[in-house]
Each structure stands twice: as C-alpha cells, then as structure tokens.
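Trainee: Sharing a model that was predicted from the sequence below.
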Amino acid sequence: NKLVFSGVQPTGNLHLGNYLGAIRKFVALQEGNDCIYCVVDLHAITAQLVHEDLRGQIRSIAAAFIASGIDPEKHIVFNQSAVPQHAELAWVFNCVARIGWMNRMTQFKDKAGKDRENASLGLLAYPSLMAADILIYRGTHVPVGDDQKQHLELARDIAMKFNLDYQDNIRTSGLGTDIVVGEEPVHAFFPMVEPLIDGPAPRVMSLRDGTKKMSKSDPSDLSRINLMDDEDAISKKIRKAKTDPDGLPSETEGLKGRPEADNLVGIYAALADKSKTEVLAEFGGQQFSVFKPALVDLAVNVLSPITGEMRRLMEDTSHIDAILKKGGERARVRAEKTMNEVRDIIGFLR
Ligand code: TYM
C-alpha cells in the first residue's frame with residue numbers, strides 16, 4: 001500500500017519550480033493513495049534562525065496546498081513542529097547516520113558555503129530530519145523536485161542501516177516484514193522510500209539562465225515566476241525569458257544543448273499535463289514569438305485561480321489554522337504509534 005509523504009519549507013515565496021516539481025504532483029497523487037503533506041517549519045530554522053513572520057509563511061504554504069487542490073479532509077496537511085515525534089525520530093537517525101554521509105550532501109556544501117565550521121549543526125543533520133519526516137509514517141513514496149534526490153537516497157541508507165543494525169530486535173519484536181533490497185533479503189521495520197521525480201519539469205530552471213535552478217534565493221525576480229505573481233508579472237517574465245534565436249524543434253532530440261528552450265517546453269508540458277514530445281508536435285517549427293504568448297496564456301490560466309484562492313484563504317487565517325490544527329492531531333496519532341514501536345525495537349523503557 002502506498003503512503004505518500006512530502007514537505008515544503010516555509011521560507012520565502014513559492015515559485016513555479018516548487019509548484020511543478022512538487023505541489024502539482026501532490027494534488028495528482030491524492031487519487032487512490034493515502035497522502036500526508038507537511039509544512040516543514042523545523043527545517044526552516046536550519047539555515048537561518050530568525051524569520052520575519054514565520055507563522056505567516058507557514059500559513060501561506062498551507063494555503064498554497066489547499067488552493068492548488070489538496071483535500072485536507074481526505075488527506076493530512078499539517079506543520080512539522082506540531083508533531084514532536086519528527087524531531088524524536090530524527091535524534092535516533094542522527095545516531096544511525098554517519099557524519100561522512102552528511103558531509104557529502106551537495107545541498108549542505110552549497111548552503112554552508114566556505115565557512116563550513118560555522119554552519120549550524122542542524123544544517124548538517126538536515127537530511128536526518130527529512131528521513132524522519134517520511135519514515136515516522138513509514139512513508140513509501142515521496143514526490144519531490146530533482147534537487148531532493150540525494151537526500152532521498154540518504155533516507156534509504158538510513159532506513160537500511162536501522163533495519164540491519166536492529167535486525168535481531170526487529171525480529172523478536174514481531175514488528176518487521178521480509179523485503180528484498182537489490183538481491184538481499186532483509187527483515188525490515190522501515191520501508192525503502194521511492195522518490196517520485198518523474199514528469200516533464202523535475203528541475204525548473206531560471207528564466208534568465210537555463211543552466212541555473214529556479215530558486216527563492218536568486219537575486220533577480222525576473223528569474224522566477226512566483227505563485228503570487230499577477231497576470232502582468234507572469235506575462236512580463238515569460239516575454240523577457242532568455243531564449244536562443246532558433247525556433248522550436250519538432251522532436252525532443254532537438255532540445256539538446258538548448259537549456260532555455262528545453263526549460264520553457266518542459267514548463268509548458270507540465271502546466272498542460274502533456275509530454276514534451278506532445279508539446280513539440282504542436283509547436284515544432286514555430287518561433288518563440290508564437291510559443292511565448294501561448295505559454296503566458298497557459299500559465300495565467302493555471303496559476304491565477306490558485307493565486308486568487310491563496311489570497312482569499314490568507315485574508316482570514318482561521319480556516320487555515322483549523323486545518324493545520326486538525327492535521328497535526330491526526331498526524332500525531334500515527335507518528336506516536338511508529339515512535340512507540342521504535343522505542344520497543346531500540347529497547348527504551350516506556
Ligand atoms: P523546498 O522547500 O526547498 O522545496 C519544495 C519542493 O519544491 C521542489 N523544487 C523544485 N522542483 C523543480 N524545480 C525547481 N527549480 C525546484 N525548486 C524546488 C523541491 O524539490 C521540493 O520538492 N528538503 C525539502 C523539504 C522536505 C521534504 C521532507 C521533502 C523536508 N522534509 C520530506 C520531501 C520529504 C526542501 O527543502 O524543499
């Protein structure tokens with residue numbers, strides 16, 4: 001049975017990369033799966049301790065989830081700090097994981113910069129908390145953008161090492177199941193999480209530079225489309241988006257070595273729920289002067305209802321607060337069940 005889990009940090013404005021790489025997939029996965037979507041506020045303080053209006057940021061991510069079409073009655077929407085078991089399991093994982101594993105994370109290296117000795121210990125242990133987020137619900141499927149792939153591989157390593165280190169205790173507790181990892185049979189308590197990174201826009205690139213990821217921290221606002229941008233801003237940013245002088249190719253092969261063209265076609269495909277091949281079948285041979293206005297129309301059609309609904313939800317936050325509160329309560333019950341089992345496996349007295 002699939003248990004879908006994912007999280008988004010309440011830091012800065014959401015952009016098209018967050019929407020296409022993550023939130024739009026969260027919405028699609030609701031049908032037929034049990035889903036838990038989390039605003040990861042504990043992660044938000046790893047890189048920067050003090051945030052202006054953190055509560056407002058948390059609410060606005062939750063509002064984006066709801067406005068995009070996530071149903072908080074059928075699924076669970078909550079903020080991480082409301083469920084202390086995440087941090088508790090992360091502590092156990094800090095003892096399972098090795099410092100070397102954390103030091104190898106490219107996101108840690110990027111965020112810590114040159115002065116690594118001065119980065120917070122939380123930033124180093126970030127992937128351990130991320131593994132705990134998923135595994136406290138014994139999550140199996142995790143929709144994310146391409147930049148989270150390495151963190152999810154680490155989550156698998158942590159789960160595997162826990163399973164192997166506690167193999168005997170898992171057996172005597174009767175809490176495990178037999179799974180096969182690669183060729184190896186393991187009696188596992190934690191499942192091996194599967195990243196869901198597929199789709200035409202797993203890595204949305206900057207509109208100013210097709211070799212850089214679209215990101216919250218890019219100093220140029222023209223580099224990204226924010227979820228709260230109005231029609232004029234979206235139109236301006238797409239019209240000004242960097243392109244090369246050629247028209248669109250008729251097959252995806254022709255996008256090789258053309259990162260800006262590839263990016264815009266990927267964005268169109270993701271917004272239209274099509275493949276890049278289908279988009280090129282429609283626009284192959286056309287100039288960007290034709291393609292860009294079509295992309296503006298599509299982006300505005302998809303995004304403006306979401307933006308409008310987010311604004312409405314943020315006017316009176318009592319509705320969002322009630323959703324988060326109820327989601328937190330439901331999540332806590334499930335998290336405590338797993339945590340009790342982990343305590344038994346480890347051998348803590350309770
Ligand atoms: P965060 O908050 O940086 O980003 C949220 C989601 O947006 C995706 N994303 C992108 N996708 C495509 N193109 C882009 N340019 C782009 N930029 C961001 C991210 O991949 C992510 O899916 N560590 C996570 C949050 C997290 C988490 C978890 C995710 C904490 N615990 C457990 C999954 C499961 C993060 O910082 O995402």
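Mentor: That came in fine, so what should we check first? None of the values given here were measured: they were computed from a predicted structure.
Trainee: doesn't residue 347 make contact with residue 169?
Mentor: Yes. Look at residue 169 against residue 347 with Cβ atoms under 8 Å: they come within range, at 6.7 Å. Heads up, the C-betas are built off the backbone N, CA and C, glycines and all.
Trainee: ok, the two, which is more surrounded?
Mentor: Applying other Cβ atoms under 10 Å to residue 169 and residue 347 shows that residue 169 carries more neighbours, namely 15 against 9.
Trainee: how would you label the more buried one: helix, strand or coil?
Mentor: The three-state assignment at residue 169 reads helix, by DSSP: H, G, I helix; E, B strand; the rest coil.
Trainee: got the contact list for it?
Mentor: 345, 346, 347 (Cβ atoms under 8 Å, 6 or more residues apart in numbering).
Trainee: Try it again at 6 Å.
Mentor: Residue 169 makes contact with residue 345, according to Cβ atoms under 6 Å, 6 or more residues apart in numbering.
Trainee: and the helix or strand hosting residue 88, what other elements does it pack with?
Mentor: Per DSSP states H and E, residue 88 falls inside helix 85-96. Applying 3 or more Cβ pairs under 6 Å, 6 or more residues apart in numbering; DSSP states H and E, one finds that helix 85-96 contacts helix 121-135, helix 149-165.
Trainee: quick one: the last one to chain centroid distance?
Mentor: What it means is helix 149-165. 18 Å (Cα atoms, centre = their mean, to the nearest Å).
Trainee: quick one, it and helix 121-135 angle?
Mentor: For helix 149-165 against helix 121-135, the angle by axes from the mean of the first three to the mean of the last three Cα atoms, to 10 degrees is 70 degrees.
Trainee: helices or strands next to helix 149-165 in the packing?
Mentor: helix 85-96, helix 121-135.
Trainee: right, so of those helices, which gets closest to the ligand?
Mentor: helix 121-135 (3.9 Å; Cβ to the nearest ligand atom).
Trainee: Let me see the mean pLDDT of the helix holding residue 88.
Mentor: Here helix 85-96 scores 98 as its mean pLDDT.
Trainee: Stretch 196-203 too?
Mentor: On average, stretch 196-203 scores 96.
Trainee: can you give me the helices in the stretch 1-150 of the chain?
Mentor: Here the stretch 1-150 of the chain has its helices, by DSSP state H, counting those that start in this stretch, at 16-18, 24-28, 41-44, 54-68, 85-96, 99-103, 106-112, 121-135, 149-165.
Trainee: Could you identify which of those is most buried?
Mentor: Most buried of the helices of the stretch 1-150 of the chain, by mean neighbour count (mean count of other Cβ atoms under 10 Å): helix 16-18, with a mean of 24.
Trainee: circling back to that earlier point, dump the helices and strands packed on helix 149-165 into JSON lines; add distance to the ligand as well.
Mentor: What follows is the helices and strands packed on helix 149-165, written out as JSON lines (distance: least, Cβ to the nearest ligand atom, whole Å):
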{"stretch": "helix 85-96", "distance to the ligand": "9"}
{"stretch": "helix 121-135", "distance to the ligand": "4"}
